[in-house]
Structure formats: structure tokens, C-alpha cells
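Chemist: from the sequence below, what's the structure:
(2 chains)
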Amino acid sequence: GENVEQHPSTLSVQEGDSAVIKCTYSDSASNYFPWYKQELGKRPQLIIDIRSNVGEKKDQRIAVTLNKTAKHFSLHITETQPEDSAVYFCAASIRASNFGNEKLTFGTGTRLTIIP
Amino acid sequence: NAGVTQTPKFRILKIGQSMTLQCTQDMNHNYMYWYRQDPGMGLKLIYYSVGAGITDKGEVPNGYNVSRSTTEDFPLRLELAAPSQTSVYFCASSSLLPAEAFFGQGTRLTVV
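Modeler: Numbering: from 1, shown residues only, chains lettered A, B, ... in the order given. Down below sits the predicted model:
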């Protein structure tokens, strides 16, 4: 089955600086890579996703890059703000048939702390 | 628009007791999942379902059972609760992947 590794497990950055979180996946059949943000005591929520036919995607201060050859993808947050403090999870999904993908496999999470 | 609803939000069980965590979604999603999240850890898949009548094991299925008799409901059954099952349980649903997975608010379960 798919295995997703995520690094670092904790990350502290000064407010205004950039943060980068990296994930690797094992199955080359994976073709969908979402990122979820989980604030303390809350449910995970999707912040951005990328599909394997795209190398980069941006949404305001958030961007995701994908390197299919190396089987890794990264989340980039620029101009960090205190409200960016949360746990971030990457995930991967494998195409299982012509009709859709299989289950989501999550990384172990990165606790991001923004230092004012 | 309720989304994914889990009940209960909190529960304390004694060792050996059983219980069912309820999950229902009103988005007509085919896919439904149960994850557990241990303190400071990631999300581990317990069971998932790609449609009514179809379920499959995830990474950590031992000690749990599920059923999917309708599109809307995906209950998780714990038999003979053990302290190792102390965790926060999240139910989630999505339309045909690849698509956003929507999570319920979680159930915090403590087994003593």
C-alpha cells in the first residue's frame, strides 16, 4: 500500500518568514495530493490540493509543488501570520480504476508554530 | 448544510465495554472513512467504504467493525474496548476521489 512520509514533525518560524513542509510518497500510481490544516481541537480542513498532471499550484500565500520523478511534494507558506499556527497534514491518493481513486493516506503531520 | 455529523462528541468507556460511533453525511458522498488520531500523532485509517454495501480495512482495523447499509451512514463499532483505543476518532466523506474529504468534528474516546 501507499506510504506517505512527512517532514519536519515540528517547525517554528518568525512571523513574516516562509515555511516549507515536505512529503514523500511510495506508490508511483498516486495522482492526487491534498494538504489539510488542523487547528487545535478542530477537524482537519483542506487548504490546497494538486493533481499529478500539474507541477505547481498557488492560492494566495499558499503554494504546493509536485515532483513526480522524485515522488515528493511540498507545501510553501509565505508571509506567515499567527493564524497559520496549526498542524498540517499531507496526503496521497492512488488511482484504483477508471472510475476513481482509492483511499487517502495521510502523512504524520507537522506542527507549525508562528513566532510573533 | 450539516456536512458530516458525528455522535457522540465525548465518551468514556470501561475496559471490555462496547459502543458504536455514529457518522452521517448529507452530501450524497460515495466515499466514507474512519480515522483515529492519537495525541500528537497523525491520522490512521481504520476502515473505509466506497459505497453502500462495500467496506474495506485500512491500516489499523483490529478491534473495530463497520457497516454501510446506506449512502448517508457509516457507523464504527468498538467491541471489547481496550485502553489502546483511547483516541480521537474522525469520520470523513468525499465524492468520487480525487476530491476534497470533509471531516466530522471528531469523537474523543477514553477507555479506562
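Chemist: just the pLDDT for the most centrally placed residue in chain B.
Modeler: For chain B, the residue nearest the mean C-alpha position is B:Trp34 (3.1 Å; CA atoms, centre = their mean). B:Trp34 is assigned a predicted lDDT (pLDDT) of 96.
Chemist: confirm that it sits in a strand.
Modeler: Yes - assigned with DSSP: H, G, I helix; E, B strand; the rest coil, B:Trp34 falls within a strand.
Chemist: what's the closest non-adjacent residue to it?
Modeler: B:Ile46 (4.3 Å; CB to CB, 6 or more residues apart in numbering or on different chains). Backbone N, C-alpha and C define where each C-beta goes, glycine included.
Chemist: who are the contact partners of the one you found?
Modeler: B:34-36, B:58-61, B:64, B:66, B:76, B:89 (CB atoms under 8 Å, 6 or more residues apart in numbering or on different chains).
Chemist: for these, give me TSV that also has secondary structure.
Modeler: Below are the contacts of B:Ile46 laid out as TSV (three-state DSSP):
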residue	secondary structure
B:Trp34	strand
B:Tyr35	strand
B:Arg36	strand
B:Gly58	coil
B:Glu59	coil
B:Val60	coil
B:Pro61	coil
B:Tyr64	strand
B:Val66	strand
B:Leu76	strand
B:Tyr89	strand
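Chemist: just the buried members of these?
Modeler: B:34-36, B:58, B:60-61, B:64, B:66, B:76, B:89 (16 or more other CB atoms under 10 Å in any protein chain shown).
Chemist: and stretch B:73-92, is it in reach of chain A?
Modeler: Yes - residues of stretch B:73-92 are located near chain A by CB under 8 Å from any CB of the partner chain, namely B:Phe90.
Chemist: got the CA positions of that stretch in CSV?
Modeler: Once non-C-alpha atoms are left out, stretch B:73-92 reads as follows in CSV (Å, rounded to 0.1, in the frame of the first residue of the first chain):
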residue,chain,number,x,y,z
ASP,B,73,-24.5,6.4,7.4
PHE,B,74,-21.2,4.7,8.3
PRO,B,75,-21.2,3.6,11.9
LEU,B,76,-18.0,2.4,13.6
ARG,B,77,-18.4,-0.4,16.2
LEU,B,78,-15.9,-1.0,19.0
GLU,B,79,-16.1,-4.4,20.6
LEU,B,80,-14.4,-5.1,23.9
ALA,B,81,-12.9,-1.7,24.4
ALA,B,82,-9.2,-1.5,25.4
PRO,B,83,-7.0,1.4,26.7
SER,B,84,-5.1,1.3,23.4
GLN,B,85,-8.3,2.5,21.7
THR,B,86,-8.2,5.8,23.6
SER,B,87,-8.1,8.3,20.8
VAL,B,88,-9.9,11.0,18.8
TYR,B,89,-12.0,9.4,16.0
PHE,B,90,-12.8,11.3,12.9
CYS,B,91,-15.3,10.3,10.3
ALA,B,92,-14.9,11.8,6.8
